[in-house]
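J.: Predicted model, plus sequence, below.
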Amino acid sequence: MLSETIPIREGEELDEQKIIPFIKEHIKELPKDAPVSIKQFSAGRSNLTYLIKIGEWEAVLRRPPNGPVAPKAHDMEREYTILKEVYQFFPAAPTPYLLADESIIGRPFFLMERKKGIVLDEKLPDYITETKQLGKQISEKMVDTLVQLHSIDYTKTKLVTMTKPEGFLERQVHGWIKRFEMAKTEEVAQFEKLKRWLVSNIPQSPEPTIIHYDYKLNNIMFNDDLNEIVGVFDWEMTTVGDPLADLGVVCGYIIEKDDSELLKQPDEQRPLTAMPGFMTRREFIENYAKKSGRDVRHMNFYLTFAYLKLAGILQQIYYRYKKGQTKDERFKYLNVYAKNLIQYAIELTSEKF
């Protein structure tokens, strides 16, 4: 909820004796003898994030998870470079401060601005009453901010040389199929059928834009009144590509009140996206189309692909848990959720948007 910090999880500790001198060496204005505090942010299932406090100064440290990681995943240098470009055009992106290679703590990491506000994860803050107007307001702000991101002229940034928008969607479909196959811990019914359908139905993409590619409630920070988005986090997957793939991802995270049980996580209570007034997936897509002017006739494909992508992310995380690379018990049943998403994606292939 409120970008909460927790005591650092076992096995995910930071070496304060190495990190703090490194920070003070590169950020000269920090007080020499001020008290130091390091806590971990509770949210997030992939990269690890920590709150670093030196006196009154605060920053967020972001680093990859423990254990082996998938090729090209958790690339701290790339994410840091993307933030350096995007934050100049998109105020909700945190300002990056400092990048470190793996020589400091054995893993690369970077420091960025600590934004303050409310991250909505499982429930609303106690002082806020749930209303239809609030649900509409939150989801409308999400649409507006996504449209704003997609309107940035990426040719004015270094993303021109860092990305390859031509053939983006085809590469993504084949890439996420391969990632899911590599992370499988058991056979998944209907996966081969879904794979064939996706490969055979790739639509032609619209003009490319900067895409966040993991845009969802718990990667967004609102102000205290929930009427402005003040932060967007987790830029690891950001690239230049098909904006409708980005739209598909955010809609894949929207769970509606009467949705299939296949879309609900095994241990999850009613998600915030099911609150009164929050846009349905169709409403979110139509609102985006109206504000962006983009043709959304092929959204059934993009949403189906989004469920495969999400299943792949969850299966990769579960694979790390299964191999003992993390002891985080939140990951215990992610393989069940991943299989359910594959099943739901198969059902979606026969529908039309």
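T.: Received it, and whenever you're ready, just let me know what you need.

J.: Next up, the contacts around residue 94.
T.: 60, 83, 87, 112, 113, 114, 115, 231, 233 (C-beta atoms under 8 Å, 6 or more residues apart in numbering). Backbone N, C-alpha and C define where each C-beta goes, glycine included.

J.: Those in strands, which ones?
T.: 60, 112, 231 (DSSP state E).

J.: Pick the one among the contacts of residue 94 closest to residue 241.
T.: Within the contacts of residue 94, distances to residue 241 taken as C-beta to C-beta reach their minimum at residue 83, with 17.5 Å.

J.: quick one: pLDDT of that closest one?
T.: Listed pLDDT for residue 83 reads 97.

J.: so it makes contact with residue 99?
T.: No - with contact defined as C-beta atoms under 8 Å, residue 83 does not count as touching residue 99 (9.9 Å).

J.: For residue 287, grab the count of nearby residues.
T.: Using other C-beta atoms under 10 Å, the number of residues around residue 287 comes to 18.

J.: er, residue 239 actually
T.: With other C-beta under 10 Å as criterion, residue 239 counts 23.

J.: Of residue 83 and residue 99, which one has the most company?
T.: For residue 83 versus residue 99, the count of surrounding residues by other C-beta under 10 Å is larger for residue 83: 24 against 18.

J.: could you list every residue that touches residue 134?
T.: 124, 128, 226, 275, 277.

J.: again, only using 7 Å
T.: Residue 134 makes contact with 226, 277 under the criterion C-beta atoms under 7 Å, 6 or more residues apart in numbering.

J.: again, but for residue 38
T.: Neighbour list for residue 38: 14, 16, 50, 52 [criterion: C-beta under 7 Å, 6+ apart].

J.: The last one should be in a helix, yeah?
T.: No - judged by DSSP: H, G, I helix; E, B strand; the rest coil, residue 52 forms no part of a helix; its state is strand.

J.: and it, how far is that from residue 60?
T.: As judged by C-beta to C-beta, to the nearest Å, residue 52 and residue 60 stand 7 Å apart.

J.: can you check the second one too?
T.: According to C-beta to C-beta, residue 16 and residue 60 sit 16 Å apart.

J.: Tell me which of these two has more neighbours.
T.: Each of residue 16 and residue 60 has its neighbours counted (other C-beta under 10 Å); residue 60 has more, 19 against 13.

J.: can you pull the pLDDT of the more buried one?
T.: So, for residue 60, pLDDT stands at 96.

J.: ok, it touching residue 53?
T.: No - at 10.6 Å, residue 60 does not count as touching residue 53 under the criterion of C-beta atoms under 7 Å.

J.: Kindly check the end-to-end length of stretch 254-263 for me.
T.: 9 Å (C-alpha to C-alpha, to the nearest Å).

J.: for it, what is the average pLDDT?
T.: Here the average pLDDT along stretch 254-263 is 92.

J.: Arrange the ones in strands among the contacts of residue 94 in TSV, one row each, with distance to residue 255 as further columns.
T.: Output for these, formatted as TSV (distance: C-beta to C-beta, whole Å):
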residue	distance to residue 255
60	28
112	29
231	23
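
J.: Please work out which residues outside stretch 222-234 touch it.
T.: Taking C-beta under 7 Å, 6+ apart as the rule, stretch 222-234 contacts 92-94, 115, 117-118, 120, 128, 134, 137-138, 141, 145, 212, 214, 219-221.

J.: In strands only, show me the residues you listed.
T.: Filtering the contacts of stretch 222-234 for strands - DSSP E - leaves 118, 220, 221.

J.: Just give the closest residue to the last one, not the sequence neighbours.
T.: Spelled out, that is residue 221. Setting aside the residues directly before and after it, residue 221 is nearest to residue 231 in space (C-beta to C-beta, 6 or more residues apart in numbering), at 3.2 Å.
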